[in-house]
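J.: Following is a predicted model, sequence given first.
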Amino acid sequence: MKDGRGRLPPLAVILVCAFCVRAAGIFWGLPNWNHTNSYNCDEYTTLTALQHMEPSAWRFNPVSDKDPYALAGGTLHLYSYGAWIKTLSLAGYITLVKDKAFYYRNPAEWGKFFAAGRFQSVLYGTLTVWAAYLVALRLYGARAALLSALLTAFMPALSVYSRYMVANARGLFWIVLSFYLLLRLTGRGRTVDYLAAGAAVGAAIASRYSAAPLVFVAAAAHFMGPAPEKIKKPVLALLALAAVFLITTPYAVLDYPNFSKGVGAVKSLAGGGPGFFAGAAKVPAQFAEAMGVFPLFICLSGVAAAALRPERRDILPLLWTLPMLAIFLKAGPASIPGRILPVLPFFAIFGARALDLAWKRRPVLAKTALAAAALQSFLFYRGEFALMFSEDIRDKASGWLAGNVKQGASIGLVREPSWFGPGIIDRHYRHPDHALLPGVRFVRLTDGDWSLKTGFDLLEREKPDLVVLTDVEAGFLDKGKLLSKLAETGYSPAADFNKMFRPAWPYPGASMPRMLFMTERVEIFSRNGGGLKRRGVGREAYDR
């Protein structure tokens, strides 16, 4: 059973479960009557890039005034998504028209664009579980391979980002597949192995530039192979890498200035904060959110064991994992779950290695640790699904505003309308020609760059009829001071919408995981009942 063939039935079950937990959320937060895009603000950048292209004119450059940094990531995922959309339109599932007003009038049609892209990500995410299984099988044997597939299938961040229409899951698949092909290269070293590995590495880099260090891993794989002195095969691999990258990301050369600008923007994220240690201290919390405390402990044990006493089979995954960890520690708070995805399957592989070793020596300990990790993951999905399959409080708040705010009223915002606020405000602000609050005026409550600064120093001067506050915005200011200032200025609660993530993740007292792109609370305050229709005055609470 060392080759894993006896493990195929349980692997099939794991893959089906992995697909289900990912596909379950592809219809969450899609455009509806009050918000014109999905509630994941990162997804719209993909559509912005596609809208600028004109395939009929052979123009495939995604850079535009709306997204000048479109080349900050590879374009393989954009082109594959565009081809998928065209295929679905030919099949009659998606309606392609140039009139944007059509989609404002038919939000369900617009939502199909997001759902289609998410389904693609689900497929890539499921294939990543399979690729992690293959890597672990080649490195550590059949049981470790199944455990690796299990950890990868249910790791929260891997599942969550596999249902978003972003490049994360797609690039991750190519990274893990590259490792499997590089491992084959070290064993057989045939020309086809070099070509396949080079092409996969090129696809990984064309999906996300952060995969570029794979080139060094590939070089190490060659020197670990059967003929390290030969030069012809690695040259062929390099040519395959370059060909795939340039075909799928051609504007890295054709529009080098914008490519360089985009890469510079990505590099700035890894620059870290003012102090390395202060920033690095925040990274464990990001990993805990992405994985859960128990899975993180298991995986870190595996990484530490391999790093302290490395065997030959540990070298390649360590050459990837340890440098990436150093980069994430330097980036500090910027190392959010979506950005640390490239190491998570390898954490799972190392964690499976640790569980496998413990299984042989102390099976009770291994089974207990696995059960604790499974329980925590179960609690995460129970809380997440409870939120995904119920009405979003942003929609509730939008409905309240539509029914209770009178024409001519003013609404104060402590920051530029955010994707985490009521969708009807975001739509009114970003798409004024298709607004749903006629005659309502929005008032800024802070000086400076409204899109970056959060505050309420202008509250007493502006005195808007209503103030809308979300828990996301409240996290950037002194909420207690704001509530006191509101009371002093004559404001009282008018509506309060709550939906907590239970249980707290990843540890008691933690707030809503930001990788879910959800909001825990929306509060609306009215100044002496102003701005409200008579029937709307009073406090209306929703606590689910």
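T.: Noted; the coordinates are in hand.

J.: So, low pLDDT: which residues of this structure?
T.: 1-7, 268-278, 450-451, 534-544 (pLDDT under 70).

J.: Okay, domains of it per the record?
T.: 5-259+277-386, 393-543 (automatic domain parsing).

J.: which residues does residue 434 contact?
T.: By C-beta atoms under 8 Å, 6 or more residues apart in numbering, the contact set of residue 434 is 36, 101, 104, 427. In short, each C-beta sits where N, CA and C put it, glycine included.

J.: didn't residue 157 look like it was pressed against residue 289?
T.: Yes. Under the criterion of C-beta atoms under 8 Å, residue 157 makes contact with residue 289 at 7.5 Å.

J.: Please enumerate the shared neighbours of these two.
T.: Common neighbours of residue 157 and residue 289 (C-beta under 8 Å, 6+ apart) are 337, 515.

J.: Pick out whichever of the two has more residues nearby.
T.: A count of neighbours by other C-beta atoms under 10 Å puts residue 289 above the other of residue 157 and residue 289, at 25 against 22.

J.: Correct me if wrong: residue 76 contacts residue 208.
T.: No. Taking contacts as C-beta under 8 Å, residue 76 lies outside contact range of residue 208: 9.1 Å.

J.: Distance to residue 265 for the domains of the chain - can I get that in a markdown table?
T.: A markdown table is the format used below for those (distance: least, C-beta to C-beta, whole Å):
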| stretch | distance to residue 265 |
| --- | --- |
| domain 5-259+277-386 | 5 |
| domain 393-543 | 16 |
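
J.: quick one, which of the ones you listed is packed in tightest?
T.: Among the domains of the chain, domain 5-259+277-386 has the highest mean neighbour count (mean count of other C-beta atoms under 10 Å), at a mean of 20.

J.: now the helices: where do they sit in the stretch 101-250 of the chain?
T.: Counting by DSSP state H, counting those that start in this stretch, the stretch 101-250 of the chain has helices at residues 107-140, 142-154, 156-161, 168-187, 191-207, 214-224, 232-248.

J.: residues touching residue 109, list them.
T.: Residue 109 touches 94, 95, 102, 103, counting by C-beta under 8 Å, 6+ apart.

J.: measure it to residue 102 for me?
T.: Per C-beta to C-beta, to the nearest Å, residue 109 is found 7 Å from residue 102.

J.: How about residue 34?
T.: Residue 34 is 18 Å from residue 102, where distance means C-beta to C-beta.

J.: show me what contacts residue 79?
T.: Residue 79 neighbours (C-beta under 8 Å, 6+ apart): 60, 248.

J.: Which of the three states applies to the residue nearest to residue 251 when sequence neighbours are not counted?
T.: Leaving out its chain neighbours, the residue that sits closest to residue 251 by C-beta to C-beta, 6 or more residues apart in numbering is residue 61, at 5.1 Å. The three-state label given to residue 61 by DSSP: H, G, I helix; E, B strand; the rest coil is coil.

J.: unless I'm mixing things up, residue 61 is touching residue 256, no?
T.: No. With contact defined as C-beta under 8 Å, residue 61 and residue 256 do not form a contacting pair (11.7 Å).

J.: any residues in contact with both of residue 109 and residue 102?
T.: Joint contacts of residue 109 and residue 102 (C-beta under 8 Å, 6+ apart) are residue 95.

J.: Report the contact partners of residue 183.
T.: 135, 138, 139, 221, 316.

J.: Mind doing that once more with 6 Å?
T.: residue 138 (C-beta atoms under 6 Å, 6 or more residues apart in numbering).

J.: can you give me the helices for the stretch 351-500 of the chain?
T.: 363-388, 393-404, 423-430, 459-462, 471-474, 479-488.

J.: Adding distance to residue 439, write those helices out as CSV.
T.: Converted to CSV, those look like this (distance: least, C-beta to C-beta, whole Å):
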stretch, distance to residue 439
helix 363-388, 33
helix 393-404, 13
helix 423-430, 11
helix 459-462, 18
helix 471-474, 25
helix 479-488, 24
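
J.: Can you tell me, leaving aside adjacent residues, what's nearest to residue 506?
T.: Residue 506 sits nearest to residue 288 (C-beta to C-beta, 6+ apart), 4.3 Å away.

J.: Name the helix or strand for the one you found, please.
T.: Residue 288 belongs to helix 283-291 when elements are defined using DSSP states H and E.

J.: list the helices and strands the helix or strand just after that helix packs on?
T.: Downstream of helix 283-291, the next assigned helix or strand under DSSP H and E is helix 293-308. Where contact means 3 or more C-beta pairs under 6 Å, 6 or more residues apart in numbering; DSSP states H and E, helix 293-308 is packed against helix 344-361, helix 363-388.

J.: how about those, which one is nearest residue 88?
T.: helix 363-388 (23.4 Å; C-beta to C-beta).

J.: Provide a list of residues in contact with residue 398.
T.: Per C-beta under 6 Å, 6+ apart, neighbours of residue 398: 34, 422, 423, 424.

J.: which ones are touching the last one?
T.: Same thing as residue 424. Contacts of residue 424 (C-beta under 6 Å, 6+ apart): 34, 398, 401, 436.

J.: gap between residue 266 and residue 146?
T.: For residue 266, the distance to residue 146 - C-beta to C-beta - is 35 Å.

J.: got it, and residue 217?
T.: Residue 217 is 25 Å from residue 146, by C-beta to C-beta.

J.: Then residue 231?
T.: Distance from residue 231 to residue 146, by C-beta to C-beta: 39 Å.

J.: on that earlier part again, nearest to residue 284, of the helices of the stretch 351-500 of the chain?
T.: Nearest of the helices of the stretch 351-500 of the chain (C-beta to C-beta): helix 363-388, 15.8 Å.

J.: Show me how far the closest one is from its chain's centre.
T.: 21 Å (C-alpha atoms, centre = their mean, to the nearest Å).

J.: can you check stretch 254-267 too?
T.: Worked out by C-alpha atoms, centre = their mean, stretch 254-267 lies 22 Å from the chain centre.

J.: Quick one: closest of the helices of the stretch 101-250 of the chain to residue 322.
T.: helix 214-224 (11.4 Å).
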